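Chemist: coords please:
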Amino acid sequence: MASRVATAARQAAIITRLSSAKPSPQSANLIQRRGLAGAAGHGPPKVNVWEDPMSPSKWKEEHNLAQPFVIVSLSGWGLLFFGGYKFFTRGKKDKEEKLAEASH
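Modeler: Got it, this is the predicted structure:
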């Protein structure tokens, strides 16, 4: 029973200390700083695409051409496969029609 009273007294003391939180010199050292938020001075400076078109690593993020490159690449592969399909299957339909007409 005495331990419960002692525990309740400790919890009440902790709550009163936290509720009357006066900044102390020691607590100033514990405040977390966002030191790398923004990171303005790190890495090479970013430039516009038209200023240095041969160095994609220096381009600004909004000028990154990765997305259009992927779209164009996938479209090219699609055209290649479709063209190959049309090229290799173009004669089969005509032969079947001619055979059907010849048999009548």
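
Chemist: ok, now how distant is residue 47 from residue 61?
Modeler: 12 Å (CB to CB, to the nearest Å). C-beta coordinates here come from the backbone N, C-alpha and C atoms, glycine included.

Chemist: of the two, which one has the most company?
Modeler: A count of neighbours by other CB atoms under 10 Å puts residue 47 above the other of residue 47 and residue 61, at 14 against 6.

Chemist: distance of the more buried one relative to residue 58?
Modeler: 5 Å.

Chemist: any idea of the mean pLDDT for stretch 69-76?
Modeler: Average pLDDT, stretch 69-76: 85.

Chemist: er, stretch 7-17 actually
Modeler: In the prediction, stretch 7-17 has an average pLDDT of 79.

Chemist: got the contact list for the residue nearest to residue 60 when sequence neighbours are not counted?
Modeler: The spatially closest residue to residue 60, leaving aside those adjacent along the chain, is residue 46, at 4.4 Å (CB to CB, 6 or more residues apart in numbering). Residues near residue 46 by CB atoms under 8 Å, 6 or more residues apart in numbering: 58, 59, 60, 61.

Chemist: one more time with 7 Å
Modeler: 58, 59, 60 (CB atoms under 7 Å, 6 or more residues apart in numbering).

Chemist: list buried residues within those.
Modeler: Buried members of these, counted by 16 or more other CB atoms under 10 Å: 58, 59.

Chemist: could you single out the nearest of the contacts of residue 46 to residue 74?
Modeler: Set against residue 74, the nearest of the contacts of residue 46 by CB to CB is residue 59 (21.9 Å).

Chemist: from memory that closest one sits against residue 51, does it?
Modeler: No - contact criterion CB atoms under 7 Å: residue 59 and residue 51 do not qualify, at 9.1 Å.

Chemist: now tell me which helix or strand of this structure has the poorest mean pLDDT.
Modeler: One helix or strand of the chain scores below all others by mean pLDDT, DSSP states H and E: helix 25-30, with a mean of 61.
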